[in-house]
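Participant: What follows is a predicted structure for the sequence shown.
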Amino acid sequence: MEILNELLSRIEIFQDLREKELSILKNRMERKEFPKGTIIFQEGDEGKEMYIVLSGSIGISVRLPDSTELPLAQIQAGNFFGEMSIIEQAPRSATCRTLEDSVLLTLGASSFYELLEQHPRVALKIMKRMVGILSRRLTTTGSLLSDMVRWGEGARKRAVIDEFTGLYNRRFLDEAIHTQAAHALSTQTSLSLVMVDLDRFGELNRTYGQEFGDTLILEASKVFRSTFRETDILARYGGDEFTFILHDTDAETALSLCQKTNEALRSLSFPNHPEVRLTASIGLASLPRHARTVETLREQADKALYRAKEEGRNRSCLPPSRWPGEKREIKVEIPTLRAKNRIIEAIIQEIVHKDSFLLIGHRNPDEDCIASLVAFGLLLGKFSKQVVISTCGKVPEQLSYLLNICAYNGILLHEGCFQNPPHPQVIVILDTPKPEMIDTDASIEEALLDPRVRKIEIDHHLEADAAYSGDPGFCLVSDASSTCELIGLLSLKLAGRGELLKQFGIQELFSRNFALALLTGIIGDSKMGKFLKTNKERWFYRTFSSLFDQMLRSKTARGSSNFSSMEQVFLAIEALSNEEKSCYEWIFEKRQERKGIAYSVFDRESSEQLFSHFEYDTVLAVTKSVADRLAELSGKVGLVGYYDPDSVSNLVQFRLRRASGYSALDLRTVLENLQIKNGGGHPGAIGFRFPKDEVKDFPLLVQQILEGMQSLLS
């Protein structure tokens, strides 16, 4: 009996009751067990009892005009249902059946009124809780269910069906999506939301008249019924807009169905107007791949629909963004020192109060990216946090000493894709210019989608097409020589928090390995300070490189084979493997020169030859060094360009570097001058790219780039 009292006290509707009051209630309730699939009651049955779920789960559904049942909600353990029967003694408004073996407590109407007469205080406590919970349910499920369960069969049809097309209507869809999404998330299955707009329907309607426009709507509706499945919820959202819910359907399957729909619409013909071809723009998003809530799922599907229109209509698209709330604001300098300190303090509080961290960088990581991952991991390790560093791609061989640091310090380095989704409390995104460049897989994307996971961003790329990935107020994005420099700034702020360090038992914040990691990023990204333009950049570089160089020297034992200075570190990260040396010479030999510019560019055919000889990661790593050498050769700038393999992307890539002795030009102005939208970097180095199908004449494109650069060179 004590166990039952404890179970009852955990149920929200009874949480105001004292132990004695629970005993009074318990004596009026009956315990019942039901196997999976049992119908507790059906729509229209006489109502005599309310039910409390002790274990298992209950599905609630209503009957539609075509006699099919629509699932509306699930009742899990700790909740109640059927309460209207003991309050109003009305017929059952829905059908309830067990979704798994379940144990229920029942409270009959007569027992409840007896309780109300004999123990009104107890009954009123229950009713007060019940009203609050019912109000909350109404807020989340809306008014459609309330209307449906009160209306007759004929009116019920009008409540859910668009009379013109026979598809479901907007009101019904807005209600159904919440239930369907909740079921998908609770059962860990996929659900896809599809948004459809008929292309240029308004123009067709004006040109050929409303009657023909109605014909287009009806024919499109027939196509939707034929290409989608009976189990899919197809709704006319308004005018020529349609929205579909595909339960237990992942993004790939949904995309295939949508593409078949595009084909079927294109194949329609209209004898009275043979010149008309009906097409549609379709956008879709899926749980849990693109979202974790209904609101975000809708946002992502709408982004996908916009993408389909932007890319030329008559197609189906997935969302362009990697997670909800992706900000497209260009990264700019933090306006004041006070604002920067607020951000640093917010990040420190996350370090203090959260336990598990996932650290990620950009695809094809360079020195600063890998170094910043390791340095931040070491910093978190000082606070005894759980740290996982994820690199889906290949880490350059010459940076292997940084990976060894992870092993020495108990930091888990995960290379490749996760087999099981990670569940961090915080994701730290390091040295990544924009969200599209994040080195991630489907399981990491799922974590990025979770609004409960804090996203911290630390990066030094500003303006151009650089865009924020972190949460507002947690983006330490500032003009610096490297991301490691910003981590160095954060660590100096932490070093001044004596009480905090004492709280975590930290006697020495700056270890030798921490200094080594920071130095790797600071000197690697700037090539020992060669590519810094402003006095501010040079001052910060000298300050941080000198500080951590001194730490490294003082903490390295004499006679040790370990790195003891930043010069040794620089030589190590500049070293190339045999394959990289061969690739380097292959690209460098193809160089050409014109006044102030040295360049090696490869058209589609020569790019195919390049990638037939060398791995993609090797080419990517080497082009940076080649561009550096070309810049020094010309005295001003060096340029490398090539076609990505089709298996990698649909892009033509360019990398531009500035010579160490030339600081008159901020290379980011090249992007502005040439009106290049897809590109970014810092004053001494930029990358930019073009879709292959937009490059009709590669030699002409190269000529335009060279002429545009020469107009800026002084």
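Facilitator: Yes, it's here. Numbers count the residues shown, from 1 in each chain.
Participant: hey, where'd the helices end up in the stretch 501-650 of the chain?
Facilitator: 512-526, 535-555, 566-574, 578-588, 604-613, 616-634 (DSSP state H, counting those that start in this stretch).
Participant: do the stretch 101-250 of the chain as well
Facilitator: Using DSSP H, counting those that start in this stretch, helices in the stretch 101-250 of the chain cover 109-118, 120-141, 144-150, 153-160, 170-187, 201-208, 210-227.
Participant: and those helices, which one is worst for confidence?
Facilitator: Confidence, taken as mean pLDDT, is least for helix 144-150 of the helices of the stretch 101-250 of the chain (a mean of 44).
Participant: neighbours around A659, how many?
Facilitator: Neighbours of A659 under the rule other CB atoms under 10 Å: 22. Every residue, glycine included, has its C-beta placed from N, CA and C.
Participant: tally of neighbours for the residue nearest to it when sequence neighbours are not counted?
Facilitator: What sits nearest to A659 in space, not counting adjacent residues and going by CB to CB, 6 or more residues apart in numbering, is A631, at 4.2 Å. As a burial measure, A631 scores 26 neighbours (other CB under 10 Å).
Participant: With K595 instead?
Facilitator: Neighbour number of K595 under other CB under 10 Å is 10.
Participant: Run through the residues that contact it.
Facilitator: 710, 713 (CB atoms under 8 Å, 6 or more residues apart in numbering).
Participant: related to what we said a few turns ago, hang on, isn't the residue nearest to A659 packed against G638?
Facilitator: Yes. With contact defined as CB atoms under 8 Å, A631 counts as touching G638 (3.5 Å).
Participant: what sits in contact with each of the two?
Facilitator: With CB under 8 Å, 6+ apart as the test, A631 and G638 both reach 598, 657, 659.
Participant: What score does the residue lying closest to the second one once chain neighbours are set aside have for pLDDT?
Facilitator: Put plainly, it is R657. Nearest residue to R657 in three dimensions, chain neighbours excluded: A627, at 4.0 Å (CB to CB, 6+ apart). If you check A627, the pLDDT there is 90.
Participant: How many residues are close by A627?
Facilitator: A627: 25 surrounding residues under other CB under 10 Å.
Participant: Compute the distance between P271 and F212, please.
Facilitator: 12 Å (CB to CB, to the nearest Å).
Participant: higher neighbour count, the two?
Facilitator: F212 (15 against 5).
Participant: Who's the closest spatial neighbour of that one, skipping the chain neighbours?
Facilitator: H273 (6.7 Å).
Participant: Using the three-state scheme, assign the closest residue to N79 other than its chain neighbours.
Facilitator: Excluding its sequence neighbours, the residue lying closest to N79 (CB to CB, 6+ apart) is V53, at 5.6 Å. Following DSSP: H, G, I helix; E, B strand; the rest coil, the label given to V53 is strand.
Participant: Make 19 the starting number, not 1.
Facilitator: From this message on, residue numbering opens at 19, which makes the last subject V71.
Participant: Does L323 touch S299 like I think?
Facilitator: Yes. Checked against CB under 8 Å, the pair L323 and S299 is within contact range at 6.1 Å.
Participant: who touches both of those two?
Facilitator: Contacts common to L323 and S299, judged by CB under 8 Å, 6+ apart, are 214-215.
Participant: Report the separation between the most far-flung residue of the chain relative to its centre and P453.
Facilitator: Most distant from the centre of the chain: Q136, at 56.1 Å, with distances by CA atoms, centre = their mean. Q136 is 63 Å from P453, where distance means CB to CB.
Participant: And for R295?
Facilitator: Separation of R295 from P453 (CB to CB): 36 Å.
Participant: hang on, the earlier thing: closest one of the shared contacts of A649 and G656 to R28?
Facilitator: R675 (64.2 Å; CB to CB).
Participant: Are we agreed that that closest one is in a helix?
Facilitator: No. Counting by three-state DSSP, one finds R675 to be strand, located in no helix.
Participant: Surely it and A649 touch.
Facilitator: Yes. Counting by CB under 8 Å, R675 does reach A649; the two are 4.4 Å apart.
Participant: I'd like to know how many residues surround R147.
Facilitator: Neighbours of R147 (other CB under 10 Å): 18.
Participant: do the same with V121
Facilitator: For V121, using other CB under 10 Å, the count is 16.
Participant: And it, what's its pLDDT?
Facilitator: For V121, the predicted pLDDT is 91.
Participant: for it, which residues make a bridge with it?
Facilitator: Listed beta-bridge partners, V121: E51, S73 (assigned using DSSP bridges).
Participant: so it touches K50, yeah?
Facilitator: Yes. Proximity of V121 to K50 meets the contact threshold set by CB under 8 Å, at 7.4 Å.
Participant: From the recorded domain assignment, give the ranges for the chain.
Facilitator: Using automatic domain parsing, the domain parsing of the chain gives 45-137+153-168, 179-335, 355-590, 594-728.
Participant: so can I have JSON lines of those domains showing distance to I29?
Facilitator: Formatted as JSON lines, the domains of the chain follow (distance: least, CB to CB, whole Å):
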{"stretch": "domain 45-137+153-168", "distance to I29": "5"}
{"stretch": "domain 179-335", "distance to I29": "19"}
{"stretch": "domain 355-590", "distance to I29": "25"}
{"stretch": "domain 594-728", "distance to I29": "55"}
